[in-house]
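Trainee: give the three-dimensional model of this entry:
(3 chains)
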Amino acid sequence: MSELLLQGGRVIDKSGDRLADVLIGSDGLITEIGKGLKGGKTLDVQGKIISSGFVDLNVYLGGPEDQQSETILSGTESAVKGGYTAVVAIAKDPVVADNASSAAAMIEISQDALCEIIVAGSATLHNDAETMSPLGEISGNGVKLFSASGPPLTGYQTTRRIMEYSQKYGITLLYSCSNSFLSPKGAMNEGAVSSLLGIPGIPKVAEAIEVFQLSQLALLTGASLHFQQISTAKSVEIISEAKSNGASITCEISPHHFSLDESLIASFDARYKVLPPLRTKQEIARVKDLITSFDAIATGHSPCQDHLKHQAYTDAPFGTIGLETALGASIKNLDLPLNEILRLLSWSPAEIAGIAETHGGHLIPGRPANLTVFDPDAAWVAKGTHMASKCSVTAFEDIELKGLVSHTLVDGELVVINGVVQDNKGKGDQN
Amino acid sequence: MTQKHIRSIDDLGQSGIEEILALSDHFHEVSTRRIPKVPALRGKTIALLFYEDSTRTRLSFETAAKRLSADSLNFSIGSSSVKKGESLRDTVETISAMGVDAIVVRHGSVGVPWLLPSWTGAAVINAGDGSHEHPTQALLDCYTIRNHLGELNGKKISIVGDIKHSRVARSNIKAFLALGASVTLVAPKTLMPFNTDDWGVDTTDQFDSVIEDSDVLYMLRMQLERQQSSYVPSLREYANEYGLSDIRTQNMKPKSLIMHPGPMNRGVEVSSNVKEHPKSVINNQVANGVIIRMSALYYLLGSGSETKFESFDDE
Amino acid sequence: MADLERPDTPLGRGVFHERSEIMNADGVRRALWRMSHEILEQNSGLSGIVLVVLEVGGVHLARKLAENLLEIEKENVPVGTLDVAFYRDDIGIRQVTPSNPTDLPFDLSSQIVVLVDDVLFTGRTIRAAMDAIVDFGRPAAVQLAVMIDRGHRELPIRPDYVGKNVPTRRDELVDVTENGVLLGVMKDAKS
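Mentor: Predicted coordinates:
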């Protein structure tokens, strides 16, 4: 690796916003940041933003049990193309790290990745929310994030015990509050559109009820919680109140939840089938008013085999890919200054993921060069077939976005150049 | 010309509905003939793609196709590769490759008829998609009402029962409103759609409050499994509150109609002899099924491309 | 206008521009009187005769023929209407919209069916009518009465009773009413 100079860009990180060049040493660390720097191979990034790399807290990458939806290589190609230098691989059926060896196996194959992967364990065996998995053994592999979906219909005892037990290991529990207890067959937001289409609805209070219950348990136990994909204003209010009462809670929002509304489902296209479901325009406006209360933008990247999404709406699985559209959707649809968008995309999630030493944070000499270079004004139209993910079905298909990643540096190495993923790091074809 | 479809009553609008009702007068005459058959759609092929068992609807379309001299192909879940896990898309593309002009599709999932046009150039008729729509049922109901009451404009129609899960109700509401009727939905709140604010209908959970005023009482089939999911405490209680009993029929106004899309649960949503009641047109609905489906097929396949008028130069 | 026979024949859109009057009201009346007598002469009376009108152009002609026959023979002739739309050979090629439903309140079997239409053009409507007729029974004979034969036949069909033979251009239209017969063209409403 030779020295590299990013010249003429605008640097934005946790410490602020300034015009500066960035010099990166052959060791992959930032050597110097300042004006008029010289040396190394020069990359002209005039008019572009140089940001601390993006961190996604909610990504499904497949794994040993599922090579069909995504692979570590295709998933991280998609990630770096979207400007991510680190992603959290969540536990999701069938890829569930619920014991030390499966966590180790996942960590092992993660070495093939184009960016850093933080493996999240599962707090319950088989991710069934019934029986606690060996949190201590798994965390021995360095795993500090655990998916803890639930609560189970049988009650909150296991949930409470996980919250209590996990604290010894400094674990943060990840909760997706999309329990189906109010709507076993629910497939979209309950409201005027679901009534008209005859699609079973999911009431938005279902999310708020679960957020409220888990927040109260967090206050009771002192556990550290992160809520995934919050989609209603009421949930945000409940979380904010719990935070102000001292709960250790963070929460994320997904780009599709502030960009796309439920009316798209009238096309019956399953690309819009996500969980939590797309909400109404009014609800989106209310959530956007509270956007500064969020701690992260996370994509909930959920690839699946394309043909599964080409089924009838109610038969298709939930989820959309999202790594390559997150920046563009955020700049396009959030009325926020860039440094606030980058807080949500980079340094705040890096802190939640426990990787603030190497990702996000302050760009200063001596830190690994995990950087994202992007044009904040580039308008482009999303096309699933142009994406690096194995899945080409995106909820953002044909939707105009603003802001496009041109270069991504992981540990000082250019893994994306002018929007093209550099495959030299991939150790052969993963497929 | 873009391919016409009948996936929803919305595909037709008021003019399309009226065109189909007008065609139905012709096909009604045809079906009274000694040989109830015309060569109108000779050479056309109609595929019947039924993912849900519905012998009545399928036979009705099949008979309609035969009376128009069209060929029909049957793809029912029991007899095709559906059982072997072939995807909807593959099935449709296979059928399409055989050269069909129209696909009549019944599927348990909402929206399937909207997916088909990306896989086939054939015209699509929705014969029921989940809880969403069943437009030909609505058309035959409009035809039946028009034949008995003259017109729908200004008539008061009450639809009673499990509106929430009813594709018949969704299509009928749109069709009745398009033809100028006013519609009241009658159901316990558990069986009422969550939000009907923009539908242009009245709603009530008091059946007895609408009986005297209604020109049509349209009784929906009550799915017997609804009591297991606590939509209603028991079928007996439902029958007491929302069933069309003999006593309730006595309160109906003169010249009003009793309708039901079938098949009936006698003793639940209707008392055991309502079908034979003088106000009942339930048997007419069945008879009109074939006629309306002839009209629907002819509407889609008989019109052809519209020739544009070209002016001729005198010189 | 019943002579909408070919795909390239102008449809009834735009505005009818009259070019010339072929017959006036008296001419139509006299022709129908003559045709009534010819029907009686040809068939030696009214016995077994039924009139079958092709919607919609033939309706007023058939009514007048029936009145004439009643006046001459003091006997009512049965009149039915026939919609041939579903028997046409251009279904699917262009818009074929039926007019009024068929109404044949009598048995055609062994009767002499006189088809009545206003204009005979390509002959395709008459071909469709004959197919429709045989679906209702087996007539002893089928005859054809038209007010105007304008030529351009595409099928081996000839009329038995004709009001007037008129040479026309293919793009022209013939408009037959009780008040006379007009020859003209359709023009786009805009031009």
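Trainee: where are the low-confidence patches of the chain?
Mentor: All of this is about chain A. Counting by pLDDT under 70, chain A shows low-confidence ranges at A:150-154, A:424-431.
Trainee: the intended chain is chain B.
Mentor: Within chain B, the set of residues satisfying pLDDT under 70 comprises B:1, B:78-85, B:303-315.
Trainee: so where's the longest helix in the chain?
Mentor: With no chain named, the answer covers chain A. Longest among the helix segments of chain A by residue count, using DSSP state H, is helix A:205-221.
Trainee: nope, chain C
Mentor: With DSSP H applied, the helix covering the greatest number of residues in chain C is identified as helix C:25-43.
Trainee: dump that one to PDB, restricted to CA.
Mentor: Once side chains and other backbone atoms are set aside, the C-alpha atoms of helix C:25-43 remain, and they are given as PDB (Å, rounded to 0.1, in the frame of the first residue of the first chain):
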ATOM      1  CA  ALA C  25     -88.700  11.300 -49.200                       C
ATOM      2  CA  ASP C  26     -91.100  10.600 -52.100                       C
ATOM      3  CA  GLY C  27     -88.500   8.400 -53.800                       C
ATOM      4  CA  VAL C  28     -88.000   6.300 -50.600                       C
ATOM      5  CA  ARG C  29     -91.800   6.000 -50.200                       C
ATOM      6  CA  ARG C  30     -92.300   4.900 -53.900                       C
ATOM      7  CA  ALA C  31     -89.400   2.400 -53.700                       C
ATOM      8  CA  LEU C  32     -90.800   0.800 -50.600                       C
ATOM      9  CA  TRP C  33     -94.200   0.500 -52.300                       C
ATOM     10  CA  ARG C  34     -92.700  -1.200 -55.300                       C
ATOM     11  CA  MET C  35     -90.600  -3.500 -53.100                       C
ATOM     12  CA  SER C  36     -93.700  -4.500 -51.100                       C
ATOM     13  CA  HIS C  37     -95.400  -5.500 -54.400                       C
ATOM     14  CA  GLU C  38     -92.300  -7.400 -55.500                       C
ATOM     15  CA  ILE C  39     -92.200  -9.400 -52.300                       C
ATOM     16  CA  LEU C  40     -95.800 -10.400 -52.700                       C
ATOM     17  CA  GLU C  41     -95.400 -11.200 -56.400                       C
ATOM     18  CA  GLN C  42     -92.200 -13.200 -55.800                       C
ATOM     19  CA  ASN C  43     -93.800 -15.300 -53.000                       C
END
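Trainee: check the offset of whichever helix or strand comes after it from the chain's centre.
Mentor: Tracing the chain C-terminally past helix C:25-43 and defining elements by DSSP states H and E, one meets strand C:49-54 next. With Cα atoms, centre = their mean, to the nearest Å as the basis, strand C:49-54 stands 10 Å off its chain's centre.
Trainee: hmm, strand C:49-54 touching chain B?
Mentor: No - for strand C:49-54 and chain B, the contact criterion (Cβ under 8 Å from any Cβ of the partner chain) is not met; the two come no nearer than 14.4 Å. Bear in mind the C-beta positions are built from the backbone N, C-alpha and C, glycine included.
Trainee: give the contact list for the residue of the stretch 1-150 of chain A found nearest chain C.
Mentor: The stretch 1-150 of chain A approaches chain C most closely through residue A:68 (44.8 Å), counting by Cβ to the nearest Cβ. Applying Cβ atoms under 8 Å, 6 or more residues apart in numbering or on different chains, one finds that residue A:68 lies in contact with A:62, A:305, A:390.
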